[in-house]
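Engineer: show me the folded form of this:
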Amino acid sequence: MPPQQDQRDSFLPLYQSGTRINDSSSMEHLAVKEVDVWNVVNDELEEDNFGKPWSEKTTKGKVLKVLWLILKLIIVLASLYFFICSLSFLSSAFQLLGGKSAGEVFARSKILNNPIIGLMIGVLVTVLVQSSSTSTSIIVAMVSANIVQLRPAISMVMGANIGTTVTNTIVSLGQSMDRKMFRRAFAGATVHDCFNWLCVVIFLPLEAAFHPLERISGALTGGISDDDKVSKLDFLKVITKPLTKTVISIEKSTIKDIAKYCTAGEHYNQYKCGAARNASMMKECDDEDTVEIERCTYLFAKAGLNDTTTGIILLILSLLLLCACLAILVKTLQSLLMGRMAQTLKKHINTDLPHPFSWLTGYLFIIVGTGMTILVQSSSVFTSAITPLVGLGVISIDRMYPLTLGSNIGTTATAVLASLAATGDKRSVTIQVAISHLLFNIFGIMVFYPVPFMRKIPIGTAKILGNTTADYRWFAVFYLILVFLIMPLFFILLSFNLVLLYIVITIILIALVTITTINILQNRYPEKLPAKLRTWDFLPLPLHSLEPYDSVFSKLLICCRKKEEDEIKPMEMTAAPKESNGA
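Structural biologist: You can find the predicted model right below:
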């Protein structure tokens, strides 16, 4: 029997919960009870704030109860509205701070022909502008202007697919003060990341070698005329624009102008490039143009602040608003979704359809995710709105997964409709980019959902991340910075030496495959491994545990201190009934 690893130090921990018993003399009267930390146990939802049963309430009590429930629903809807607006403000802040940098990245069209670099640029730019719709529209504009060819554009929209998931991962941090909630919320958010990255690992090399997405999308769009148009759908912005446009209004064409006119080639224009670089990302007001005056009545229009200062102020305000709305939303939902209501809602959401249609349950939720995303016009908004429900335990990780897949389809379907509303000579190519994005997600679902074993890969990976953040809460911030900032920048810098780039990628892939294989064998077939490889203890502690880093971050971040020893509950010990000596 191989020695057991410290459960906190293992990268593939098995978690149990309960109370620690130190009295060895009483062990014979105790039984070990393992608890699934991903399934919200009944005692987390048993606290019933409904008071007396409805039939026993007086008329006054019933009226007060109904009014109280209505008030809570109004608070939920109001906090959800301002939460969505805060995401819009956050996107505007990132565009003010990094929009021009995003345009400069796109202007380096020579390096975009490398699919890996195109992917990383798509990730980085989407993170900078906090909107896959914006980054995709820039990509489409560059394709239409012949600045970027279709093939690298497809790899960039794959990156945009990854970059858009940063928002709901940030939102999950709002539940970091409760370890149980944070474990579930972070896993629910990162299951989106895991799926997108796994799809990229499979389809990016295939697209680079055989171009299946390009070929299929070309065949599907071959008969589309440049004259055919449909109306662009815009449901959510109709509701949020009245508020967001009174605070800030972004001139998104500035990013497109930098990407277009600052690129060496036929579209290069020194004057327009310089004008775009010097222009403000905020819509400017012209006192002589009444139209512009109407467009520039927003709060920051006459403040006289530059883009950086405005961006910093807006970033701070948007984060404060986001955190406040998220806290109110979570607390109100938590008070609503307790007791019998929580049990009923959790049961219906996480229960499969009756036999023999139970296998259709996941596909039904994919359709629900698609429809909701099309309705709100944003996958970030939809997944960010349901992430707190995962933390509360109302939606399970297994149910969050198909909803996430549906949101991927929904956001690309929205892009297809937007491309159909476009005009110009390159309209068919614009539609082809959007169709390629849609096919990428559909093929990903076909690989990682129908077969139960395959769907366990992204869900299992997300649970590993959730377990890690439950023990080391600073890991969530580290993950965000590493995946969405450091890694894209690292690969972009390596792009200047393609030989070195491919060597580094090969080493990383070999290391990942080796570590994953050994981890699987350690957990399932340890007897097939040499004694030394049955644990990672032969490596220095910093190479197989986060504990040394935790001691450093615990001193720096009060909110992220590691849990105390009395909170570490590897197993639940429940008193076993004693055998009676009597008759």
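
Engineer: leaving out sequence neighbours, find the closest residue to His544.
Structural biologist: Trp536 (3.6 Å; C-beta to C-beta, 6 or more residues apart in numbering). Where C-beta positions appear, they are placed from N, C-alpha and C, glycine not excepted.

Engineer: what separates the one you found from Leu220, distance-wise?
Structural biologist: 48 Å (C-beta to C-beta, to the nearest Å).

Engineer: still on that earlier bit, three-state assignment of the residue nearest to His544?
Structural biologist: When classified by DSSP: H, G, I helix; E, B strand; the rest coil, Trp536 comes out as coil.

Engineer: and it, how far is that from Ile518?
Structural biologist: Taking C-beta to C-beta, one finds Trp536 at 8 Å from Ile518.

Engineer: and if you look at Leu87?
Structural biologist: Distance from Leu87 to Ile518, by C-beta to C-beta: 40 Å.

Engineer: likewise Lys260?
Structural biologist: 49 Å.

Engineer: same question, Ser88
Structural biologist: Ser88 is 45 Å from Ile518, by C-beta to C-beta.

Engineer: any idea how many residues pack against the closest residue in space to Val140 that isn't next to it in sequence?
Structural biologist: Spatial nearest neighbour of Val140, excluding adjacent residues (C-beta to C-beta, 6+ apart): Thr430 at 4.9 Å. Look at Thr430: counted by other C-beta atoms under 10 Å, it has 25 neighbours.

Engineer: buried sites along the strand or helix carrying Val513?
Structural biologist: Under the criterion of DSSP states H and E, Val513 resides in helix 498-524. For helix 498-524, burial by neighbour count (16 or more other C-beta atoms under 10 Å) applies to Leu501, Gln522.

Engineer: report all helices and strands that that helix contacts.
Structural biologist: helix 487-494 (3 or more C-beta pairs under 8 Å, 6 or more residues apart in numbering; DSSP states H and E).

Engineer: what's the helix it packs on packed up against?
Structural biologist: helix 115-129, helix 498-524.

Engineer: contacting residues around the residue nearest the centre of the chain?
Structural biologist: Centroid-nearest residue in the chain: Thr165, 3.0 Å away (criterion: C-alpha atoms, centre = their mean). Neighbouring residues of Thr165 by C-beta atoms under 8 Å, 6 or more residues apart in numbering: Ala189, Thr190, His192, Asp193, Asn196, Ser380, Thr383.

Engineer: let me know the helix or strand that the last one is in.
Structural biologist: Which is Thr383. Assigned by DSSP H and E, Thr383 falls within helix 379-392.

Engineer: for that helix, the averaged confidence score.
Structural biologist: Mean pLDDT, helix 379-392: 84.

Engineer: what angle sits between that helix and helix 115-129?
Structural biologist: Inter-element angle recorded for helix 379-392 and helix 115-129: 80 degrees (by axes from the mean of the first three to the mean of the last three C-alpha atoms, to 10 degrees).

Engineer: returning to what we had before: compare Trp536 and Leu220 (neighbour count), which wins?
Structural biologist: Taking neighbours as other C-beta under 10 Å, Trp536 and Leu220 compare with Trp536 leading, 19 against 15.

Engineer: beyond the helix or strand hosting Ala462, next helix or strand please.
Structural biologist: Here Ala462 sits within helix 452-471, counting by DSSP H and E. Using DSSP H and E, the helix or strand that directly follows helix 452-471 along the chain is helix 474-481.

Engineer: what about stretch 143-151, how long is it end to end?
Structural biologist: Terminal residues of stretch 143-151 are spaced 10 Å apart (C-alpha to C-alpha, to the nearest Å).

Engineer: for the protein, what spans make up the strands?
Structural biologist: 30-33, 572-575 (DSSP state E).

Engineer: for the residue nearest to Leu73 when sequence neighbours are not counted, give its distance to Ala470.
Structural biologist: Residue nearest to Leu73 in three dimensions, not counting chain neighbours: Leu336, with 7.9 Å by C-beta to C-beta, 6+ apart. Distance, Leu336 to Ala470, using C-beta to C-beta: 25 Å.

Engineer: more crowded one of these two?
Structural biologist: Neighbours were counted for Leu336 and for Ala470 using other C-beta under 10 Å; Ala470 has more, 25 against 19.

Engineer: what's the closest of the contacts of Thr165 to Phe475?
Structural biologist: Thr190 (11.1 Å; C-beta to C-beta).

Engineer: identify the residues contacting the closest one.
Structural biologist: Thr190 neighbours (C-beta under 8 Å, 6+ apart): Thr165, Thr169, Ser172, Thr461, Ala462, Leu465, Gly466, Tyr479.

Engineer: could you pull up the mean pLDDT of the helix holding Val513?
Structural biologist: The predicted confidence, averaged over helix 498-524, sits at 88.

Engineer: what angle separates it from helix 452-471?
Structural biologist: Using the same axes, to 10 degrees: helix 498-524 against helix 452-471 is 90 degrees.

Engineer: got the angle between helix 498-524 and helix 487-494?
Structural biologist: Helix 498-524 and helix 487-494 are oriented at 140 degrees to each other (the same axes, to 10 degrees).

Engineer: which residue, neighbours along the chain excluded, lies closest to Ile216?
Structural biologist: In space, Ile216 is closest to Leu439, 5.9 Å off (C-beta to C-beta, 6+ apart).
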